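Participant: the sequence isn't on hand, but the structure is:
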């Protein structure tokens, strides 16, 4: 089959040789073993020629065949009774093979010895505010940088669990749950939320619950209960109730404000602490519009976008972004992409423009410039753009700078033109001041699912690093009008991964590897931005998982180093005619449809439904070879890659969804973010295995890891407890259904031992 598709002749030759060898061995002819040995030697030479000394790439080519070869060294292979010498010889052979395997992967999985040079840690007495974590990304610019330094490379191995809190979760098993939250740390309290948008306050020293506000969210139609965080606002010149307030937005489209000290609703905010986000939205079916990321507060306004259910039908709810007065809850402005001239409520009987690009990822803000930076998605449906309007194509898959006071657009930069790959911008734009000979330049770093990182001037949106328009493959779908070129950030390192080839196809055995090679040959793949078609599947690489997703990047502001965790996974996607989809009963959610990425999304109102499953082998492992996940560092001064390593082990994942328990570092899928510290550490969980890790930021050495009770698909936070002065690292460990990681409901605080 592979030969017929124009693929490698090796599998045909090797298969025939193995069959002949097997027949000879069944007849008791020892020449079968010699023929097998010849085939194995040829396989070794072919494997080295095709992939070199890449251990994970060699595994499916040599692993099973070598194991069978070792068996042929045993007396049982020929029906003879074993002698003591035979057994010792076999055990010695297996021992040598095992040692070789450990040598190949040992260094990739090693935890390096910590440094003991205290001179590496800049002396700095952090202020009270610097010891807190006041925003989702620590600062409004989302740097995820902590100026604290008591925990450093010389003592990080002494970190231990200080407390564990079990976050309340819904008892409704029909609602997929995630725990992607990053808590705020303010005034000795931690503030967090769960998938039902309950707001919880904990004691920062002990993790003990102080209070909980029950949001009583209606979970009807919700396909993924997610709350990544809450926002904090202190009203000027006020010391009474709700002078300090915690704000969240819910899965049933409400904006909620509660008193930070007591957890009671703020009576001066909306109607007893609640503002409806459905006002002006028109018809919204349950589960089609809600907020998943923490609100952003700038210039006294709460700015929220919204998550829109993807690929259901043309004309879904509006992707409008709105600003609300943080004290009263009154609408301050609306950025309706279809009516940018109208910034208030739509007239009676009308709604905000339906089906516009939305903004579901975390936003950033610059208080001094008075701008809020909005990452946008594409207009639904994602995989066919023939019906999109000019404003959809103008603002889709972009970062848009909006005046925080009026909602007027100052500038926008598009990361993907006419996006038909679901490459919506999920990552929070990260603000950093870049040192130059002429003084600091206010910059914005925009990571993308494509694996491209765009470096822009945040005042104007103009690129600070070269961006090149390149021609990309054309679409042959009737009614589509794909862009002939796409922007590539040629002035920054790319995290899109090497282009796929047949030789890069993977599996755990030669058989499923060969099947993956066949499917690769049967798919359309012409490099990045290959459009989805109707005649055969297309490979979308990187997949809409990333590249980089909502975890974004972190930036060590002292060293000007950017930490990037990225994915290298493909989808195998195809458009399906409306007639076929109708015959299969494919309908939108709430109208007879249900959420299953492995079946089909309806895209009702267009000529095509779409199926976009992961590109997996017959036993459920990715069809392209590892690493599937990376962690890397970029020097923002030189814009060069400092280091890059496979990220995560296969310990808690494996074929058919069964954990392999193998501790070898291979680079696994990840979702979540990192934080950096003034002392030169990077903390991150995020990967498919259940670990929180610490890396040395400058070198990439992994110097500490802690086993979590569940996978940490979240971003850590760091803070100093005013009660003891100790620094804490806190991480949410709840797993993620999309990654099939270990579920849980844990929030865990780590600290150095108390001084005696």
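Facilitator: Cool, got the structure. Quick caveat: nothing in here was measured; it's all calculated off a predicted structure. Numbering: from 1, shown residues only.

Participant: hey, let's count contacts and neighbours off CA atoms from now on
Facilitator: Fine.

Participant: distance of the closest residue to residue 276 other than its chain neighbours relative to residue 579?
Facilitator: Closest residue to residue 276 apart from its sequence neighbours, by Cα to Cα, 6 or more residues apart in numbering: residue 254 at 4.6 Å. Distance, residue 254 to residue 579, using Cα to Cα, to the nearest Å: 38 Å.

Participant: pick out whichever of those two has more residues nearby.
Facilitator: Per other Cα atoms under 10 Å, whichever of residue 254 and residue 579 has more neighbours is residue 254, with 20 against 12.

Participant: OK, contacts around the more buried one?
Facilitator: 274-278 (Cα atoms under 8 Å, 6 or more residues apart in numbering).

Participant: could the residues you listed be laid out in CSV, adding neighbour count?
Facilitator: Below are those laid out as CSV (neighbours: other Cα atoms under 10 Å):
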residue, neighbour count
274, 22
275, 21
276, 16
277, 21
278, 16
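
Participant: what about those residues, which are in helices?
Facilitator: Using DSSP state H, no member of the contacts of residue 254 falls within helices.

Participant: just give me the closest of these to residue 702.
Facilitator: Distance to residue 702, by Cα to Cα, is smallest for residue 277 among these, at 44.1 Å.

Participant: report pLDDT for that closest one.
Facilitator: At residue 277, the model reports a pLDDT of 97.

Participant: mind listing what it touches?
Facilitator: Counted by Cα under 8 Å, 6+ apart, residue 277 has contacts 253-255.

Participant: next one: residue 462
Facilitator: By Cα under 8 Å, 6+ apart, the contact set of residue 462 is 413, 456.

Participant: so residue 269 makes contact with residue 324?
Facilitator: No - in this structure, residue 269 is not within contact of residue 324 by Cα atoms under 8 Å, at 10.2 Å.

Participant: then residue 69 would be within a strand, right?
Facilitator: No - applying DSSP: H, G, I helix; E, B strand; the rest coil, one finds residue 69 to be helix, outside a strand.

Participant: where does this structure have its least confident helix or strand?
Facilitator: Using mean pLDDT, DSSP states H and E, helix 84-109 stands out as the lowest-scoring helix or strand of the chain, at a mean of 48.

Participant: now whichever helix or strand comes after it: how far from the chain's centre is it?
Facilitator: Counting by DSSP states H and E, the element after helix 84-109 in chain order, helix or strand, is strand 145-146. Centroid separation for strand 145-146 versus its chain: 20 Å, with Cα atoms, centre = their mean, to the nearest Å.

Participant: on contacts alone, who are the packing partners of strand 145-146?
Facilitator: The helices and strands touching strand 145-146, judged by 3 or more Cα pairs under 8 Å, 6 or more residues apart in numbering; DSSP states H and E, are strand 553-556, strand 674-677.

Participant: as TSV, these with mean pLDDT would be great.
Facilitator: Formatted as TSV, the helices and strands packed on strand 145-146 follow (pLDDT from 0 to 100):
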stretch	mean pLDDT
strand 553-556	98
strand 674-677	98
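
Participant: so which of these comes closest to residue 633?
Facilitator: That would be strand 553-556 among these, by Cα to Cα, at 9.4 Å.

Participant: can you tell me which helices and strands the closest one packs against?
Facilitator: So strand 553-556, by 3+ Cα pairs under 8 Å, 6+ apart, packs with strand 145-146, strand 430-434, strand 561-567, strand 674-677.

Participant: circling back to that earlier point, pipe the contacts of residue 277 into a markdown table and attach secondary structure per row.
Facilitator: Below are the contacts of residue 277 laid out as a markdown table (three-state DSSP):
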| residue | secondary structure |
| --- | --- |
| 253 | coil |
| 254 | strand |
| 255 | strand |
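
Participant: tell me the one of those nearest residue 395?
Facilitator: Distances from residue 395 to the contacts of residue 277, taken by Cα to Cα, are shortest for residue 253, at 23.2 Å.

Participant: what's around the closest one, how many residues?
Facilitator: 22.

Participant: please apply the same query to residue 695.
Facilitator: A count of nearby residues for residue 695, using other Cα under 10 Å, gives 23.

Participant: one more: residue 585?
Facilitator: Per other Cα under 10 Å, the neighbour tally for residue 585 reads 12.

Participant: can you pull the contacts of residue 380?
Facilitator: Residue 380 sits next to 310-316, 355-357 when contact means Cα under 8 Å, 6+ apart.

Participant: go again using 7 Å as the cut-off
Facilitator: 310-311, 314, 355 (Cα atoms under 7 Å, 6 or more residues apart in numbering).

Participant: got a PyMOL select line for the buried ones in these?
Facilitator: The buried subset of those, as determined by 16 or more other Cα atoms under 10 Å, is captured in PyMOL by this line:
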select buried, resi 310+311+314+355
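
Participant: just give the closest residue to residue 622, not the sequence neighbours.
Facilitator: Of all residues not flanking residue 622 in the chain, residue 616 sits nearest, at 4.3 Å (Cα to Cα, 6+ apart).

Participant: which residues sit in contact with residue 467?
Facilitator: So residue 467 contacts 487-491 (Cα under 7 Å, 6+ apart).

Participant: I should have written residue 463 there, sorry.
Facilitator: Counted by Cα under 7 Å, 6+ apart, residue 463 has contacts 455-457.

Participant: make CSV from those residues and add neighbour count, pLDDT and secondary structure to it.
Facilitator: As requested, these are exported to CSV (neighbours: other Cα atoms under 10 Å; pLDDT from 0 to 100; DSSP: H, G, I helix; E, B strand; the rest coil):
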residue, neighbour count, pLDDT, secondary structure
455, 26, 98, strand
456, 22, 98, strand
457, 19, 98, strand
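
Participant: ranges for the helices of the chain?
Facilitator: Going by DSSP H, the chain shows helices at 10-26, 31-51, 55-72, 84-109, 390-395, 510-522, 578-583.

Participant: ranking the ones you listed by mean pLDDT, which is last?
Facilitator: Mean pLDDT is lowest for helix 84-109 among the helices of the chain, at a mean of 48.

Participant: pLDDT score for the nearest residue to residue 231 once chain neighbours are set aside?
Facilitator: For residue 231, ignoring the flanking residues on the chain, the nearest one in space by Cα to Cα, 6+ apart is residue 247 at 5.0 Å. Listed pLDDT for residue 247 reads 98.

Participant: re earlier: mind putting the helices and strands packed on strand 145-146 into CSV with mean neighbour count?
Facilitator: Output for the helices and strands packed on strand 145-146, formatted as CSV (neighbours: other Cα under 10 Å):
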stretch, mean neighbour count
strand 553-556, 28
strand 674-677, 28
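
Participant: which one of these lies nearest to residue 330?
Facilitator: When those are compared by Cα to Cα, strand 553-556 sits nearest residue 330, at 33.1 Å.

Participant: for the closest one, which strands pair with it and how are they oriented?
Facilitator: Partners of strand 553-556 in the sheet, by DSSP bridges, are strand 561-567 (antiparallel).

Participant: distance of the residue lying closest to residue 235 once chain neighbours are set aside from residue 660?
Facilitator: Leaving aside its sequence neighbours, residue 235 sits nearest to residue 243 (Cα to Cα, 6+ apart; 5.2 Å). Noted for residue 243: a distance of 52 Å to residue 660, by Cα to Cα.

Participant: ok, back up a step: from the contacts of residue 277, which is closest to residue 608?
Facilitator: Using Cα to Cα, the contacts of residue 277 come closest to residue 608 at residue 253, 29.8 Å.

Participant: I'd say that closest one and residue 275 touch.
Facilitator: No - using Cα atoms under 7 Å, residue 253 is not in contact with residue 275; the gap is 8.8 Å.

Participant: now tabulate the helices and strands packed on strand 553-556 in CSV and tack on distance to residue 605.
Facilitator: Converted to CSV, the helices and strands packed on strand 553-556 look like this (distance: least, Cα to Cα, whole Å):
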stretch, distance to residue 605
strand 145-146, 45
strand 430-434, 37
strand 561-567, 32
strand 674-677, 40
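
Participant: check contacts around residue 672.
Facilitator: 550-551, 686, 713-715.
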